[in-house]
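Novice: based on what follows, work out the 3D shape:
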Amino acid sequence: MINVGVLGATGAVGQRFVQLLANHPWFRLTTLTASERSAGKRYQDVVNWRLDVPFPEEVGSLVVEPTNVSAVSDLDIVFSALPADIATTLETDIAAAGVGVCSNASSHRMDSDVPLVVPEVNPDHLGLIDVQRDRGTDGFIVANPNCSTIVLCLSLAPLMPFGFSHLTVATMQAISGAGFQGIPAMEIYDNVVPYIGSEEEKMEREPLKIMGSFDGSEIRDAPFKVSASCHRVPVIDGHTMAVWADTPAPVAEVIEAYRTYAPPISGLPHLPAESVHYTDESTRPQPRLDRNRGGGMTVSVGRMREGLRYVAMGHNTIRGAAGASVLNAELIVSKKYV
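Specialist: Next up is the predicted model:
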């Protein structure tokens, strides 16, 4: 078994990490960290469990550690649910101490030597771990993209062979993406907020790196552009987006490509049976009906029309956050980096 820990285990994404790792077949969850006020107490006594699944009692008695390098230096992998301002330095220090970091934070996503990975899309980008290790440490950082970027990139995977030069995407993003305390009730009830700080910039930059080519030493950006408009809507979980791609591909051929799509990886515990599910129903996908498909790891696509236009939806805290990092770690182990 591989010993792992979670940085920031009491927050929204941290709780998802704990849920997904509590009974993992490959990983043994031994360490949970949080703020100083929680350190030294049992996890079950400090966490305000808010997920729609039962609390994993088997980790309740773990004593929470302070969030620092020494707390995790004896682990094989740590999963980071830290805010970006804290993660920037701490993740670097943990990697320098010889520990693998699978990060949900935005701090290092665009660093030239950090792979920004969606396992079904760009597993070869893990080769950047070797570039990091050339600096003389066994540790490394592997980042997963922004939650909405992951949904977009998975929805694009079957479309890539047809080619396109410009994407336009309009998102309708769930409130859980802002964290438990992220958006006041009076701001989102009966409302749509047409702005999410830095979200559009992430969606316009990150897909170019993810869909880019790895030449053994660096990533060359994919040759297309993305225009994004991001909106917060009163949905608890599940990011929905409308996508326009300037490809002349016939709709029937594109739909068949979605139905027959198979990712270039297999055998990972959290890899769903369908990474991308295509639905013919004219009113789908919908967050409430489709977000938990594949244990929350499947991205659903529908309403494919000439133009080319479609709708995509995925669970933002599972597929778009904690589940993405866990799947990255499983890929890392399968490639024998740990």
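Novice: what number of residues lie near residue 201?
Specialist: Residue crowding around residue 201 was assessed by other C-beta atoms under 10 Å; the count is 12. C-beta: built from backbone N, CA, C; applies to glycine.
Novice: hang on, I meant residue 124
Specialist: By other C-beta under 10 Å, the residues close to residue 124 number 14.
Novice: residue 86 too?
Specialist: The tally of other residues near residue 86 (other C-beta under 10 Å) stands at 15.
Novice: which helix or which strand is home to it?
Specialist: In this structure, residue 86 is located in helix 84-96 according to DSSP states H and E.
Novice: distance of residue 134 from residue 126?
Specialist: As judged by C-beta to C-beta, to the nearest Å, residue 134 and residue 126 stand 15 Å apart.
Novice: so between these two, which is more surrounded?
Specialist: Residue environment comparison for residue 134 versus residue 126 gives the larger neighbour count to residue 126, 20 against 10, counting by other C-beta under 10 Å.
Novice: the helix holding residue 86: what's the following helix or strand?
Specialist: As assigned by DSSP H and E, the chain's next helix or strand after helix 84-96 is strand 100-103.
Novice: hmm, who's touching that following strand?
Specialist: When contacts are taken as C-beta atoms under 8 Å, 6 or more residues apart in numbering, the neighbours of strand 100-103 outside the stretch itself are 76-80, 82, 87, 91, 94-95, 139-144, 325-326, 328-329, 332, 337-338.
Novice: among the residues you listed, which lie within strands?
Specialist: Mapping the contacts of strand 100-103 onto strands (DSSP state E) picks out 77, 78, 79, 80, 140, 141, 142, 143.
Novice: would you turn those residues into a markdown table with neighbour count?
Specialist: Output for the ones in strands among the contacts of strand 100-103, formatted as a markdown table (neighbours: other C-beta atoms under 10 Å):
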| residue | neighbour count |
| --- | --- |
| 77 | 26 |
| 78 | 29 |
| 79 | 32 |
| 80 | 30 |
| 140 | 26 |
| 141 | 26 |
| 142 | 26 |
| 143 | 28 |
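Novice: wait, is residue 31 part of a helix?
Specialist: No. With DSSP: H, G, I helix; E, B strand; the rest coil as the criterion, residue 31 is strand rather than part of a helix.
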